[in-house]
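Enquirer: Sequence below, structure please.
(one chain, ligands or ions: 2)
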Amino acid sequence: MSSVLLASRNRKKLAELQRVVDAAGITGVEVVGLDAVPDYPEEPETGATFEDNALIKARAGAKAIGIPCLADDSGIAVDALNGMPGVLSARWSGRHGDDPANNSLLLAQLSDTPDERRGAAFVSACALVLPDGTETVVRGEWRGRVLREERGPHGFGYDPLFAPEDEIAAGRSAAELSPEEKDGLSHRGKALAQLVPALRALAG
Ligand SMILES: O=P(O)(O)OP(=O)(O)OP(=O)(O)OC[C@H]1O[C@@H](n2cnc3c(O)ncnc32)[C@H](O)[C@@H]1O
Ligand SMILES: [Mg+2]
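Expert: Numbering: from 1, shown residues only. Ligands and ions are numbered 1, 2, ... in the order given. Predicted coordinates for the structure are as follows:
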């Protein structure tokens, strides 16, 4: 049985990565989180793109632990903000990972933006890096629009503010979808689906 390290320090994101990989039913590959391996220092996410940052995180994990490593870099790109918060999504309010503050700031910035210009996309770049240096990077996007108030208990980050454009979401926010519904539609689900063949190839 070979192992793949999922290198995220965000527990809720890690749970999503784990769920999607598990649901893909890849036999012969065990996924492990950062709590199952010795601690190593977090690399600064200095990249200009989601892809650059996903590679920074996956390379660091593969190098430190010596096993294949998968990392996600993600965020919300708002049309009316020229694609920001983008790679700055986790620290948009100035405090890394402060979801309520990030959501409040985004709402305030869009307070005068009319409904027809509130389009946005969640973006996920996922990188798989092997100890031999092989690198695969994929991207998934999820279109929708930014709501005017937070709704729903599930998910994390900007989910309560994001109304997916998919018919099946029918007026609900991403935080009002069940975890399985979100996985089936999300940027992260779409990105990881493209990595399944590379993950299968690790088995055995
Ligand atoms: O880097 P790691 O350790 O994986 O954890 P992180 O939370 O710092 O993750 P990112 O650097 O990729 O920043 C992504 C941010 O974008 C937002 N985000 C990403 N995916 C999201 C999703 O599915 N739903 C809601 N918000 C999301 C959320 O605010 C995250 O903190
Ligand atoms: Mg991060």
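Enquirer: Run through the chain and note the low-pLDDT ranges.
Expert: The chain contains residues with pLDDT under 70 at 204.
Enquirer: how about the helices in this protein?
Expert: 11-23, 50-65, 99-109, 179-185, 187-200 (DSSP state H).
Enquirer: Just the buried residues of the second one, please?
Expert: Think helix 50-65. 50-62, 64-65 (16 or more other Cβ atoms under 10 Å). Backbone N, C-alpha and C define where each C-beta goes, glycine included.
Enquirer: what does the first one give?
Expert: Of the residues in helix 11-23, those with enough neighbours to count as buried (16+ other Cβ under 10 Å) are 13-14, 16-17, 19-21.
Enquirer: Quick one: name the residues of the protein near ligand 1.
Expert: 8-10, 13, 45, 72-75, 89-90, 97, 102, 122, 155-159, 186, 188 (Cβ under 6 Å from any ligand atom).
Enquirer: Any chance you could list what contacts stretch 144-159?
Expert: The contact list for stretch 144-159 (Cβ atoms under 8 Å, 6 or more residues apart in numbering) reads 10, 12-13, 76, 78, 89-90, 99, 102-103, 106-107, 110, 113, 115, 118-122, 160-165, 169, 172-179, 182.
Enquirer: Which entries within the residues of the chain next to ligand 1 meet the buried criterion?
Expert: Buried among the residues of the chain next to ligand 1 (16+ other Cβ under 10 Å): 8, 10, 13, 45, 72-75, 89-90, 102, 122, 155-159, 186, 188.
Enquirer: Of the buried residues of helix 11-23, which pair is most distant in space?
Expert: Lys13 and Val21 (12.6 Å; Cβ to Cβ).
Enquirer: Could you dump the helices of the chain into TSV and include distance to Leu130?
Expert: Below are these laid out as TSV (distance: least, Cβ to Cβ, whole Å):
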stretch	distance to Leu130
helix 11-23	16
helix 50-65	7
helix 99-109	33
helix 179-185	25
helix 187-200	9
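Enquirer: quick revisit: return a PyMOL selection command for the buried portion of the contacts of stretch 144-159.
Expert: Applying 16+ other Cβ under 10 Å to these leaves a buried subset, and the PyMOL line that selects it is:
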select buried, resi 10+13+76+78+89+90+99+102+103+106+110+113+118+119+120+121+122+160+161+162+163+164+169+173+174+175+176+177+182
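Enquirer: Can you flag which of the contacts of stretch 144-159 belong to strands?
Expert: 76, 78, 119-122, 162-164 (DSSP state E).
Enquirer: about what we covered before: can you lay out the buried residues of helix 11-23 as a markdown table showing distance to Tyr40?
Expert: Shown next, in a markdown table, are the buried residues of helix 11-23 (distance: Cβ to Cβ, whole Å):
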| residue | distance to Tyr40 |
| --- | --- |
| Lys13 | 18 |
| Leu14 | 16 |
| Glu16 | 22 |
| Leu17 | 18 |
| Arg19 | 24 |
| Val20 | 24 |
| Val21 | 21 |
